[in-house]
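Colleague: Everything below, folded, please.
(chains A, B, C, D, E and F, ligands or ions: 4)
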There are 4 protein chains.
Amino acid sequence: MSDSFHCSQESDILPPDFKHLINSESYEDIISAVENEPFMVAPMKLMSSPTCAMLTTDEYAGPFGFEIQIDGGSSGKQWMFSYDLNKLFINIDTAIHLGFKCEPFQSGLFVRAVPVYCETDAFQEPIVRCLFHRAESNPHNKGFSADIFDHVLRIIHSDAMYDYDESSERRSVRVPLGHPQAGTDWVTVEFKFMCKNSCISGMNRRPTDVIFTLEDSNLAVLGRRKMKVRICSCPKRDKTKEEEDMKSKHGNTVPQGKRAVAHKTEDDPSSKLRKVDLFQISLLDKEALVDVTDYARSRILRKLRIEKRGATEKEEKLLNDYECTLQMYE
Amino acid sequence: MSDSFHCSQESDILPPDFKHLINSESYEDIISAVENEPFMVAPMKLMSSPTCAMLTTDEYAGPFGFEIQIDGGSSGKQWMFSYDLNKLFINIDTAIHLGFKCEPFQSGLFVRAVPVYCETDAFQEPIVRCLFHRAESNPHNKGFSADIFDHVLRIIHSDAMYDYDESSERRSVRVPLGHPQAGTDWVTVEFKFMCKNSCISGMNRRPTDVIFTLEDSNLAVLGRRKMKVRICSCPKRDKTKEEEDMKSKHGNTVPQGKRAVAHKTEDDPSSKLRKVDLFQISLLDKEALVDVTDYARSRILRKLRIEKRGATEKEEKLLNDYECTLQMYE
Amino acid sequence: MSDSFHCSQESDILPPDFKHLINSESYEDIISAVENEPFMVAPMKLMSSPTCAMLTTDEYAGPFGFEIQIDGGSSGKQWMFSYDLNKLFINIDTAIHLGFKCEPFQSGLFVRAVPVYCETDAFQEPIVRCLFHRAESNPHNKGFSADIFDHVLRIIHSDAMYDYDESSERRSVRVPLGHPQAGTDWVTVEFKFMCKNSCISGMNRRPTDVIFTLEDSNLAVLGRRKMKVRICSCPKRDKTKEEEDMKSKHGNTVPQGKRAVAHKTEDDPSSKLRKVDLFQISLLDKEALVDVTDYARSRILRKLRIEKRGATEKEEKLLNDYECTLQMYE
Amino acid sequence: MSDSFHCSQESDILPPDFKHLINSESYEDIISAVENEPFMVAPMKLMSSPTCAMLTTDEYAGPFGFEIQIDGGSSGKQWMFSYDLNKLFINIDTAIHLGFKCEPFQSGLFVRAVPVYCETDAFQEPIVRCLFHRAESNPHNKGFSADIFDHVLRIIHSDAMYDYDESSERRSVRVPLGHPQAGTDWVTVEFKFMCKNSCISGMNRRPTDVIFTLEDSNLAVLGRRKMKVRICSCPKRDKTKEEEDMKSKHGNTVPQGKRAVAHKTEDDPSSKLRKVDLFQISLLDKEALVDVTDYARSRILRKLRIEKRGATEKEEKLLNDYECTLQMYE
DNA sequence: CTACATGTAAACCGACATGTCC
DNA sequence: GGACATGTCGGTTTACATGTAG
Ligand SMILES: [Zn+2]
Ligand SMILES: [Zn+2]
Ligand SMILES: [Zn+2]
Ligand SMILES: [Zn+2]
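Modeller: Residues are numbered from 1 along each chain as shown, chains lettered A, B, ... in the order given. Ligands and ions are numbered 1, 2, ... in the order given. The predicted structure is shown next:
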């Protein structure tokens, strides 16, 4: 869970680009804007919902600095991530953990994942499971509701919501984005792909992307990330092959001097800087949440009063967070 | 991390500390409330008996403050208890004494023990003895009634009752809970495990828990405790190994080349993500954490007192969590 | 090596030779004997119908001298017949014409075709179409009744009857056998195969035979022929490959790194060991072999003539064997 | 099927010993003796039947020159034969083909295989299947008669007879020895082992031999061979290990000059010399057998008469064989 | 308590099977 | 018809699990 993968199509020489992370200077402005008119960020629901036929696929950090992360280090299993290609190679029915970050994490946010064909010709065709894998008798469907039989992409979470867009016929899945565990500022979500790219009567050997969008509960898009994905039986073999293909292609057009460079992404200190060591407690119901949040807020304020000082940046952010919560539930 | 046995990460030298279990101030109130209306806690016998296929495994002190204790200090050679793992490592056919507490001890109470597989996949499969150990000719069966040949778990007591649930096919054993001997408030029960986790045609190397339930004679569940158990030939070696594995796992981000299997309930962080029915707040530092947690706890206790009722299962779990947190950071 | 199509090892240039099938001298006698008492051959319908799970697959000319013919000369691109392998290689949805002969052609006769897996393990599993090809939306099903969507094998004839054996779940197709056109004594029937052997969720790369039975309207079997079939995308390539494999196998003692699977009936020598109901004698040289085989053959034929009856299945098999031997060594 | 394995316990330097093959000089005497007083060879049935507790295990070619052969060449399977150790390493439920030779092959002969513990302590204990593998529910028993559930050793042949010796409680299996196929003078029998040496409540890690005896129908022993067998999950690993152990043991007691020498057994020309290229034909019933055999005999005799010469050795043997057959069935 | 015995599982790799494209 | 795409299999190796023995 250490490497944030970059999203450009360029060769692996390029360092990952973190500029899309929110600059702290503009942070308060955004937050305050959001607080006052929550979720104003152009919903454009009718014109271009995150699941419409011609959905936008451009990367977009958005007001929350939405980011996505994969732990490419633990390769060698049923999946491999290629930093060179920014592409995930994964077997069918294999759990993959992706990390999501947004600042701040607040209730009412969702992450949606929608698979799309990346070739222009097929782009508008919705991706659905093949006849074989969607059959009720298929073991991968054992114990699941028929609602999700047609979904290629699953989120393994009891709150996962499987959406079907009647107009585009796209199927997607989303989950409420909780808060990060102590010691990290990423929220981990587990995905599984339930068809192969090669499935006949399904994806039929067409290459695919997955589009991840950060949304509020009105489906307004607050951020967007893209990842190439190939679901296949031999992730390692195919990753190697595609990387070699890519290199030899570059070899023809670009001088050979290129050398493999260590991925800065993997240990970019800037991401570490952002880690906040927060603690968490769980509350039973909204009433308790409001009550305890209020207590926690007054606690800080009292402390500041006693210590006769202003809030640190961290404290400020937390207070902000508390306010958001209180506003939302009171 | 929600087990009654121990909540700290310290080594197993420390004796178990049970003081944190139920806050003594509010304790009497709860009990007295319950005493007047005994067994009010919805039995839900049909929906979920303590031996049904999908039996509940969550810890639950219940109206009697049901607790369980093991004397880990006197760990002999044939068994060892790991406080780090909350897990008993024991050889086959070895006597182990467990202490049970409920307040008040009254007639008509039983303690039942039912072994279950903890892996999600196998959870519903009843645990029975392997063909080898259940054979009449097996020396461990000498002198016993054939009724218990198939039971992995025995209570060494003349009043032990061996139950077979025809619907789930689970086999369990229970015994009337007497009164504590003078000088203690724990009742001791002797158990023996009659198969190993590694027994082929039996548990087949699958890890197991034992669920202890406090019941009345109508099988209504009045309390529940869980203990991980591994029956093996080398309790010490295997305990050491698992503890080391656990430590190195917590050290690394991801367990490297190890075999991991989905467990039904685990303290693995991803399971926390599933606590969707709970709310979370973030705190800045340990001091704030302790302070706010204590506030949240007293809030619940106050509520219970006001409403003159015992804790629901959820509330109890939360209280438990709070206690653990407090103990860890105070 | 007991197929009607061809018994020599020569290349597929040779046209099929049908002369050896039934010795013409004794042939008329047999037929006339049968004509007077038609259908005397024990139908044993209950015990072993032509579509039951354990259906018989042995070749059997029967009282009508049932034979089957394929015009291998006109091998187009979409199908090829291998005389070396007695195997049809054909593409999906491709018309193939088979000739059937019986003497005399009379009303009330049917030809049934039932596909079966030839590997022992899968033999009893009924062959049905894969989920992809059986889907109503599949273009190959356009304009057809849903009754036949699940049938791998079709007869292109308005009188074709598609049977479903509820007990074995086998699907087969049959057609009334008309009379030959002027100038020939073969009746031609057009078949199509509607799945590939490689279809997942269908035949799943398992090799297949087709069993052709001559039947009366009571389903009594009056003759039986077998043909290996492989439905694939590259009939020619695959035919060449299998023929080469076969040759190199016969050359070497043991197929080195190849995958071999038990077949239900094969010319593999170990199956001969099982012929426990037969007796064997050893001969010194080819001359003796031919001589004695011829003697044994005439012995059986004489007996049939004397007893005025047709050959039993066993006798016919032996006669077939003898013919093969004679042809091979004469 | 090329290597006859030798049966001595010595190191692998020793060439295989073929002296036990029948000397051709004494051949006629033996045969004639046998023909006149068939099966006179000391039956000793009561004292030491081939399945008694203290059964003899010494190698014994006997009057028929009984021999056994295994094809050790094909590695990488589920079994491996060590010529160094004269030991078969094989997985459970794995087919192994053994070749048997006796001169002459005649009807009424049987081959029996009985497994025994080779350690002195356990030798008299009968070998039976473990509780796990003998259970009716065990998939390896699916489709088999309960009679053979307890047998560790199976012969895959419809005529296999499973014997139980009530006095010794040993279980063994035997099969009538047919005639060799054309082109070889070995009869092949397929065996399977249905428990592992490590099976608890069964062989329990004790090493085993298999004793093969050539018998007549009165259980008189006419030949005996012995083979070490280890049934395990990793035949290759364990074979390698035992061979290394053996070598290092020899290294301590014997000067190191020993070098691995090619096994003469593997291509000993003497065995090739004995190969007779005979042809075979099958007959339907005894009557046909007698008739055709008589024809074949007179054919040879006529030929000799015409060519005015005596019989060659081969012819002589065949004639003898024919006589045997006629005598037995007429 | 160390060394070993021995079953199991995962990972790896190369060979093959078989559809598709050009 | 050749080159490729891509699933599957079989064999190998390595690591691990776990009982036994000295
Ligand atoms: Zn699919
Ligand atoms: Zn057991
Ligand atoms: Zn199909
Ligand atoms: Zn066994």
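Colleague: Where do the strands of the stretch 51-200 of chain A begin and end?
Modeller: Under the criterion DSSP state E, counting those that start in this stretch, strands of the stretch 51-200 of chain A are mapped to A:67-70, A:79-82, A:87-90, A:96-101, A:109-117, A:153-155, A:161-164, A:171-176, A:187-193.
Colleague: Just the C-alpha atoms of the fifth one, please, in CSV.
Modeller: Right, strand A:109-117. Output in CSV follows, covering the C-alpha atoms of strand A:109-117 (Å, rounded to 0.1, in the frame of the first residue of the first chain):
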residue,chain,number,x,y,z
LEU,A,109,-18.9,10.6,-0.1
PHE,A,110,-18.9,7.6,-2.4
VAL,A,111,-16.4,5.9,-4.7
ARG,A,112,-17.9,4.5,-7.9
ALA,A,113,-16.1,2.2,-10.3
VAL,A,114,-17.4,1.7,-13.8
PRO,A,115,-15.6,-0.4,-16.4
VAL,A,116,-15.4,0.8,-20.0
TYR,A,117,-14.0,-0.3,-23.3
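Colleague: Can you tell me the strand partners of that strand and which way each runs?
Modeller: The sheet places strand A:109-117 alongside strand A:171-176 (antiparallel), strand A:208-216 (antiparallel), with pairing taken from DSSP bridges.
Colleague: Could you do the third one as well?
Modeller: Its sheet considered, strand A:87-90 pairs with strand A:79-82 (antiparallel), strand A:221-231 (parallel) by DSSP bridges.
Colleague: Which one, of the ones you listed, ends up nearest to C:Cys130?
Modeller: In this view, the strands paired with strand A:87-90 are compared for proximity to C:Cys130 by C-beta to C-beta, and strand A:221-231 is the closest at 20.2 Å. Backbone N, C-alpha and C define where each C-beta goes, glycine included.
Colleague: quick check: mean pLDDT across that closest one?
Modeller: Per-residue pLDDT values over strand A:221-231 give a mean of 94.
Colleague: what's the following helix or strand after it?
Modeller: Sequence-wise, the next helix or strand downstream of strand A:221-231 (DSSP states H and E) is helix A:235-253.
Colleague: Return the set of buried residues in that next one.
Modeller: Neighbour-count burial for helix A:235-253, counted by 16 or more other C-beta atoms under 10 Å in any protein chain shown, picks out A:Pro235, A:Asp238, A:Lys239, A:Glu242, A:Glu243, A:Met246, A:Lys247.
Colleague: now, which of these lie close to chain D?
Modeller: Residues of those in contact with chain D (C-beta under 8 Å from any C-beta of the partner chain): none.
Colleague: got TSV for those residues, with pLDDT too?
Modeller: Putting the buried residues of helix A:235-253 into TSV (pLDDT from 0 to 100) gives the following:
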residue	pLDDT
A:Pro235	92
A:Asp238	94
A:Lys239	92
A:Glu242	92
A:Glu243	91
A:Met246	84
A:Lys247	79
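Colleague: Now for chain A, the helix or strand with the poorest mean pLDDT.
Modeller: Counting by mean pLDDT, DSSP states H and E, chain A has its least confident helix or strand at helix A:269-273, which shows a mean of 25.
Colleague: quick revisit: is it possible to get TSV of the strands paired with strand A:109-117 that adds mean pLDDT and mean neighbour count?
Modeller: Output for the strands paired with strand A:109-117, formatted as TSV (pLDDT from 0 to 100; neighbours: other C-beta atoms under 10 Å in any protein chain shown):
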stretch	mean pLDDT	mean neighbour count
strand A:171-176	96	22
strand A:208-216	96	23
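Colleague: For ligand 4, which of those is the nearest?
Modeller: Closest of the strands paired with strand A:109-117 to ligand 4 is strand A:171-176, at 47.1 Å (criterion: C-beta to the ion).
Colleague: Could you list the low-confidence segments of chain A?
Modeller: Counting by pLDDT under 70, chain A shows low-confidence ranges at A:1-47, A:72-76, A:181-183, A:249-280, A:324, A:328-330.
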